[in-house]
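Colleague: coordinates only, no sequence provided:
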């Protein structure tokens, strides 16, 4: 299983430096880590799944933002470079953008697939941090619209469409002192999806073309206010007979170096991708926020 290093090209680096330039004086007033990290599709959350939290450090009378870059290379040679940004308005509404570039290894030598993602999230009730002494979770509803930029391979495999919009509802809850005296975060997302490999291989297929409910789970322990250790699991529909897929999962360590900067390292299991089974990797993701 090859370890992978964070890869930042010049535009990504400038993006992160611009966010960091705000410095502590420009940071929002929310508690450290209360927006999670940047999910691979751009939303605030864990690495694999959007949480009910809103991006950025802004409080209920502030606007916050975040930007991220992630690089993953599986043991089968698949390569994913992802970058994105999100803006949170008054800790209530979030708009996110992400762009993926996925190398197809020797499955289709020299070829890449691109995916663009636009997300919208609205917090509808609760506060995961300030309602921590209550049973009520923070709940948000959201949409992620995805557009595949390179449909030649997905169409050949049987994909029915090149773009789609996935609705979801997310519930996130912080339990104070619930894990041996440490804080515990639990999360559940229910998503409607017909995406093949999260959209990289298009949407729908010969096994079906309707949105199917998919569960996504997160569990994290916070031994310190700036450190989280956790696990995530994400179900995926398998709608292409020519390219079956399985669920994804990760084990992560997330460290907030400052109110503006987060570093997350994880072991990732993506299951089967196209003709390759047991696609494992390690990855590093860097996020800046204010």
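Modeller: Looks like it arrived, so ask away. What you see is a predicted model; the values in this text were computed from it and never measured. Numbers count the residues shown, from 1 in each chain.

Colleague: tell me the pLDDT of the residue nearest the centre of the chain.
Modeller: Among the residues of the chain, the one closest to the centroid is residue 39, at 2.0 Å (Cα atoms, centre = their mean). According to the model's per-residue confidence, residue 39 sits at a pLDDT of 93.

Colleague: hmm, it is touching residue 49, no?
Modeller: Yes - applying Cβ atoms under 8 Å, one finds residue 39 in contact with residue 49, separated by 6.4 Å. Quick note: C-beta positions are derived from backbone N, CA and C, even for glycine.

Colleague: continuing past the helix or strand bottoming out on mean pLDDT in the chain, what's the next helix or strand?
Modeller: Of the helices and strands making up the chain, the lowest-confidence element is helix 10-21, at a mean of 37, by mean pLDDT, DSSP states H and E. Past helix 10-21, heading to the C-terminal end, the next element that is a helix or strand (DSSP states H and E) is strand 37-38.

Colleague: other residues contacting that next one?
Modeller: Under the criterion Cβ atoms under 8 Å, 6 or more residues apart in numbering, residues 44-47, 55, 66-68, 70, 84, 86, 254, 262, 264, 285, 287 lie in contact with strand 37-38.

Colleague: doesn't residue 66 lie inside a strand?
Modeller: Yes - the assignment for residue 66, made by DSSP: H, G, I helix; E, B strand; the rest coil, places it in a strand.

Colleague: show me what the closest residue in space to residue 188 that isn't next to it in sequence is bridged to.
Modeller: Once its chain neighbours are removed from consideration, residue 188 has its nearest residue in residue 171; the separation is 5.2 Å (Cβ to Cβ, 6 or more residues apart in numbering). Beta bridges link residue 171 to residue 139, residue 188, judged by DSSP bridges.

Colleague: burial of residue 171, as a residue count?
Modeller: Using other Cβ atoms under 10 Å, the number of residues around residue 171 comes to 19.

Colleague: for the one 10 residues further on, same thing?
Modeller: For residue 181, the tally of surrounding residues (other Cβ under 10 Å) stands at 8.
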